[in-house]
Structure formats: C-alpha cells, structure tokens
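A.B. asks: Generate a structure from the sequence data that follows.
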Amino acid sequence: MTRLLAVLTVALLALPAHAQPVAFGLFGDTPYNHWERAHLPDLIAEMDGENLAFVVHDGDIKSGSEVCSDDMLQGVLAVFKKSATPLVYVPGDNEWTDCHRKSNGRYDPLERLDKLREWFFPDDSALGQRPLKLVRQSSDGGFARYRENVRWEAGGALFVGMNVPGSDNNFNGARHGGGPVAEFFERSAANKVWLAQAFALARSRKLAGILIVIQGNPGFHAANAGNPSPGYRDFLTQLREETQAFAGQVVLVHGDTHQHRIDQPLEDSATKETVKNFTRVETIGSPFFGWVKGTVDASDPKVFGFEPRFWKVRQQAN
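C.D. replies: A predicted model of the protein is given here:
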C-alpha cells in the first residue's frame, strides 16, 4: 500500500499545475442575421449556466454580405462583454478581410483589423465579466501589433488563439488573384513564431494537450490530395510537423465552412497515414445555431472531449 501511494503521489506531481479537469464552450459563425443577433445573448446565457471555465468564439461575427460598420462591431462586442464566462474571440474573415466588398461598405480591411485590435483586445484579459488572464503575442516587442494572437493554460493543456481567417487567409488581400499581399506575409511570419512557441511551451511544461483555435478552414482534404490552398500551405505543414513531434493530443478548432464535424483529417505527408494524435473540431455555424461543449482532462488518454449542443436549427435567415 505504501508503494502504491508513493507511485500515485509521483504521478500527481508529474501533472502540470492547475491540471484539474475543466469544461469550456466553442462557438462561431454567428450572428449572421437579425434572428441570430436577437438570440446571441440567450446562447451565451446558456453557456453561462454550464459552469464553464471559458468560451471561445472562432470568428465571423456577421455575414459575408453585411456592412462592416462600427455599430455592427460595437453591438457584438457589447454582447460579448456581458458574458458571465470569460470569452476569448478570434477574428474571422467577414469582419476584416472581406470588408472591401461593395455589400460590406468598401472598408479598408486593414483599418477594420486595427479597429478589432483596439476594441476587442484592449488589455491582457479575455472579454466577459469574470477575469481570465491571457498571454498576447503583442507582449513581444517584435510582434506588437498582433494582439489577437493569445494563449492560456487550463486543465493541463495549452489553449492558443491565432488570426488565420477564411478567404484563403487573406492571401490575395482585396485583389482577385495576383499573388500574396504584404499583410499575408507579415502576419504569417508572426503566426509561425506563435505556433512554434506554443508547442515549445507545451513540451517544456509536459502538458497533455494543445488546442489551437483559428477561423479559416485550412482545407485538409485538398492538402492531402497534394493541392493545398496557398494561403494555408505553410500553416498546415508546420501544424503537421509540430503535431508529430508532440507526445500529447492536438486539437484544431475552426469555423468558416459551417459544417460541424469532429474528425481526424491530418495525414502524414509521406505515408498518407492518419496522424493519430490530431483531431479537428469545426464549430456549429449559421444557419444552424448552437455551441460545442468541450472538456479537458490531463488524466484521460484522450485528453479532450466534445459534445455538440444544437440550440436551434434555422432553415432560412430572417
């Protein structure tokens, strides 16, 4: 019995600090219309009632055809701030990269991104009524503008938010074709450093898992077929290499294509075998309405668990 207690004590001491199991919420691609805007507070209130450690919105706080106005941004921000649960927001393409469209008001996408950074990421805490301390990439003087890239630790795992949006990761900017724009190169360089640092930290801390949140669907199946989207090619390569060099479980959460799924689409580039310690979670998006409840438990070999909560099915926008 004494030996058994000693073994258990060593095992517990080997777990990272604050490794108690926690639950969290994931949602995105909403609100897209009047009905979803009206019920967004109800959706957040439902998550507030679940005693979650935090919730994450993985981008697209409006539809792709809605005007990118200050009033729109401030309206959603006001709802996010009222969340009783700490709320982490990751930017989507609809609120900055696509704002040059005529239907969006012909805004300058980079000006809209600056507004998001100013209003949604004003300090080192998550949004909402209960504090959650975040580490922002902007704390590194070399990446001062990238306030949206964040990380925090919970349940024996590392959580990471990154600005990797839809519309091919802003590869072409406001142009149709013609190759990558400067913004894409600069942000991709920052993202590469942020992702590498996250995996290095998770390894040094001996964390059981790492969960990464982006907005854009990086196109796993196209990449597996040898035809990766240029905007996501380098990100997917780095993600694969880092995952295969990591002893724990890796989850990528994204939205963008509005098809809720939990699968394992990452393949080894040489053998084409499934990378077994990688899982993709796509959140529920308009015209469906709901969220995904996640759990993290460092003592569980699977580390992460996910359960969709469809709040309402919308057949058409109101």
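
A.B. asks: Enumerate the positions of stretch 203-221 that are buried.
C.D. replies: Neighbour-count burial for stretch 203-221 flags 203, 207-220 (criterion: 16 or more other Cβ atoms under 10 Å). The C-beta positions use only the backbone N, C-alpha and C, and glycine is treated the same way.

A.B. asks: which of those residues lies closest to Val251?
C.D. replies: Lowest distance from Val251 to those (Cβ to Cβ) belongs to Leu211, with 4.4 Å.

A.B. asks: which stretch of helix or strand covers that closest one?
C.D. replies: Here Leu211, judged by DSSP states H and E, is contained in strand 209-213.

A.B. asks: which residues sit against that strand?
C.D. replies: By Cβ atoms under 8 Å, 6 or more residues apart in numbering, the surrounding residues in contact with strand 209-213 are 26, 56, 58, 88, 90, 156-162, 195, 198-199, 202, 239, 246, 248-254, 294, 296, 298, 303-304.

A.B. asks: can you map out the helices along the stretch 101-250 of the chain?
C.D. replies: 109-120, 166-169, 182-204, 220-224, 233-244 (DSSP state H, counting those that start in this stretch).

A.B. asks: avg pLDDT for the second one?
C.D. replies: For helix 166-169, mean pLDDT is 96.

A.B. asks: To what extent is the nearest residue to Glu46 once chain neighbours are set aside buried, counted in neighbours?
C.D. replies: Once flanking residues are discounted, Glu46 sits nearest to Trp311: 6.7 Å by Cβ to Cβ, 6 or more residues apart in numbering. Residues contacting Trp311 under the criterion other Cβ atoms under 10 Å number 16.

A.B. asks: Strands of the stretch 51-200 of the chain, start to end?
C.D. replies: 54-57, 87-89, 135-136, 150-154, 157-161 (DSSP state E, counting those that start in this stretch).

A.B. asks: Quickly run through the sheet partners of the shortest one, with directions.
C.D. replies: Strands that pair with strand 135-136, judged by DSSP bridges, come out as strand 150-154 (antiparallel).

A.B. asks: ok, residues contacting the strand it pairs with?
C.D. replies: Against strand 150-154 from outside (Cβ under 8 Å, 6+ apart): 16, 18, 22, 24, 53-54, 88, 132-137, 158-161, 194, 198, 201, 205, 207, 296.

A.B. asks: Filter those residues down to the buried ones.
C.D. replies: Members of those classed as buried by 16+ other Cβ under 10 Å are 16, 22, 24, 53-54, 88, 132, 134-137, 158-161, 194, 198, 201, 207, 296.

A.B. asks: closest to Gln259 among the buried residues of stretch 203-221?
C.D. replies: For these, the nearest to Gln259 is Asn217 (8.5 Å; Cβ to Cβ).

A.B. asks: got a list of what that closest one touches?
C.D. replies: Contacts for Asn217 (Cβ under 8 Å, 6+ apart) come out as 166, 254-257, 282.

A.B. asks: Endpoints of stretch 127-147, how far apart?
C.D. replies: 13 Å (Cα to Cα, to the nearest Å).

A.B. asks: mind listing what's buried in it?
C.D. replies: Buried, per 16+ other Cβ under 10 Å, within stretch 127-147: 127-128, 132, 134-138, 143, 146-147.

A.B. asks: Kindly report the same for stretch 166-185.
C.D. replies: 166-174, 180-181, 184.
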